[in-house]
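One predicted model, sequence on top.
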Amino acid sequence: MKHFRERIIRSGLGLLHDTGAHRLLRPMLAGVGSIFMLHHVRPRRDVAFQPNHHLEITPDFLRATLKHVRDLGIDIVTLDEMQRRLAARDFTRRFVCLTLDDGYRDNRDHAAPVMREFDAPFTVYVASDFANGIGRLWWVALERVLAQADTVDVIINQAATRLDTSTLEGKREAFAILHEWLRRLPDSAAIAREITSLCLRHGVDEAAISRELCMSWDELKEFAAEPLLTIGAHTITHDNLAKQSETSALREMTTNRADIEAAVQRKVAHLAYPYGDKLAAGPREFAMAHRVGFSTAVTTRPGMVFEGNAAHLTALPRISLNGNYQDERFLPVLTSGAATALWNRFRRVDVN
């Protein structure tokens with residue numbers, strides 16, 4: 001089902017490009033700007049089973065994206081400048097903001113050098129537990145379990161389930177099933193329990209993953225000296241805020257902000273909601289982010305930034321630079337707003 005959906009999206013992007021429809025639609029749908037969402041930026045991995053491939057792009061594709069934006073005459077700006085333009089209704093020039101979630105080490109090693117080539121400011125959102133080396137990147141742990149397992153036994157909805165993961169297609173299908181199941185568990189403790197059990201049974205060192213992939217506080221302190229970089233908040237644990245009590249969710253936001261400010265000695269004004277879709281961030285979370293003083297907060301809801309988003313700065317949409325669609329033909333479609341307009345049924349602002 002997941003691969004069928006990906007083929008449909010790819011076909012749609014290709015059709016918009018090949019017909020030239022995106023050029024006609026750009027004036028109506030491009031809005032005043034956009035916020036690009038990235039996670040990993042690193043060289044392509046030569047591995048067949050990569051269910052999290054959507055979360056990574058290559059440095060060359062980032063370079064092509066920035067060149068495309070510059071060629072269109074779009075300004076690449078900081079989140080602070082975006083906020084200023086929205087507040088002042090300064091829409092004389094379109095803008096792009098570049099944001100990277102989670103604080104991966106490859107953001108420093110592979111993304112930052114490309115940003116410097118284009119003098120492009122960017123924001124990295126950091127989760128405290130990832131920087132502490134104790135965070136749970138459970139989607140990576142799940143990938144590693146399935147990569148080396150021939151069968152996986154789990155209990156889903158009180159039913160014992162055996163998944164055949166002896167083939168590539170079996171691994172892909174199992175990942176889709178288990179990822180969906182884990183996302184819908186009632187809380188982070190339940191996810192942790194299930195992932196830890198899988199890792200123990202299949203010999204995966206879950207605890208080492210965040211230390212392997214994410215920058216430590218010492219590394220972030222050094223990275224913070226990069227003049228193009230803004231560091232933003234991404235909560236303590238990267239848990240789904242919508243599943244937490246209000247008290248817990250507020251602590252996730254404010255303690256994470258305090259952790260980062262203490263580490264890098266800079267004010268933290270911007271937040272990214274973990275997961276960021278409608279299952280993880282809604283009106284309650286948007287109001288909390290505003291109440292505790294974040295200037296902006298970004299979701300993973302797809303969309304361009306329109307004038308109307310100025311009234312909802314803690315519910316901002318983003319455009320995913322998705323690793324499954326690393327095709328330079330699609331860049332004009334993404335920056336035109338045509339793809340996300342179709343996805344959103346032409347609704348410009350979605351904050352519910």
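Okay, I see it. Residues are numbered from 1 along each chain as shown.

How about the contacts made by L198?
For L198, the contacting residues are 141-142, 145, 152, 154, 204, by Cβ atoms under 8 Å, 6 or more residues apart in numbering. To be clear about C-beta, it is placed using only N, CA and C from the backbone, and glycine gets the same treatment.

Just the ones of those in helices?
141-142, 145 (DSSP state H).

Tell me the one of those residues nearest D164?
V145 (14.2 Å; Cβ to Cβ).

these two touch, right, the closest one and L200?
No. In this structure V145 lies outside contact range of L200 using Cβ atoms under 8 Å: 10.0 Å.

Include pLDDT, distance to G33 and neighbour count when you put the ones in helices among the contacts of L198 into a markdown table, please.
Below are the ones in helices among the contacts of L198 laid out as a markdown table (pLDDT from 0 to 100; distance: Cβ to Cβ, whole Å; neighbours: other Cβ atoms under 10 Å):
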| residue | pLDDT | distance to G33 | neighbour count |
| --- | --- | --- | --- |
| A141 | 98 | 36 | 21 |
| L142 | 98 | 35 | 25 |
| V145 | 98 | 40 | 23 |
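
can these go into CSV with extra columns for distance to S128?
Formatted as CSV, those follow (distance: Cβ to Cβ, whole Å):
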residue, distance to S128
A141, 19
L142, 22
V145, 25
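
Looking at the residues you listed, which one is closest to T254?
A141 (27.9 Å).

Distance of the closest one relative to R193?
13 Å (Cβ to Cβ, to the nearest Å).

cool, Q326 as well?
Taking Cβ to Cβ as the measure, Q326 falls 35 Å from R193.

So if I had to pick from these two, which one is more boxed in?
Of the pair Q326 and R193, Q326 is the one with more neighbours under other Cβ atoms under 10 Å, namely 19 against 12.

my guess is that one contacts I57, does it?
Yes. With contact defined as Cβ under 8 Å, Q326 and I57 form a contacting pair (5.7 Å).

Okay, strands next: where are they in this protein?
33-38, 40-41, 56-57, 75-76, 95-102, 122-126, 151-156, 159-164, 229-233, 270-272, 296-302, 316-320 (DSSP state E).

F330: how many residues sit nearby?
For F330, using other Cβ under 10 Å, the count is 21.

Likewise for Q158?
As a burial measure, Q158 scores 5 neighbours (other Cβ under 10 Å).

One more: the one 10 residues further on?
Per other Cβ under 10 Å, the neighbour tally for L168 reads 10.

ok, for it, nearest residue in space, not its chain neighbours?
A48 (5.5 Å; Cβ to Cβ, 6 or more residues apart in numbering).

is it true that the one you found touches E169?
No. Look at A48 against E169 with Cβ under 8 Å: they stay out of range, at 10.5 Å.

which of the two has more neighbours?
In terms of neighbours (other Cβ under 10 Å), E169 is the more surrounded of A48 and E169; the figures are 12 against 9.

From Q83, how far off is that one?
46 Å.

Tally up the residues packed near E180, please.
So E180, with other Cβ under 10 Å, has 12 neighbours.

Give me the local confidence score for it.
pLDDT for E180: 95.

Equivalent analysis for K2, please.
pLDDT for K2: 66.

Ok, R345 next?
87.

dump the residue contacts of it.
By Cβ under 8 Å, 6+ apart, R345 has no neighbours at all.

Give me the phi and psi angles of it.
Per-residue torsions, R345: phi 50, psi 40 (degrees, to the nearest 10).

measure it to G303 for me?
Taking Cβ to Cβ, one finds R345 at 11 Å from G303.

for L213, same thing?
Taken as Cβ to Cβ, the span from L213 to G303 is 28 Å.

Those two: which is more packed in?
G303 (23 against 18).

L241 against G282, yeah?
No. Judged on Cβ under 8 Å, L241 makes no contact with G282 at a distance of 9.2 Å.

of these two, who's got more company?
Neighbour totals were compared for L241 and G282, and L241 leads with 25 against 17 (other Cβ under 10 Å).
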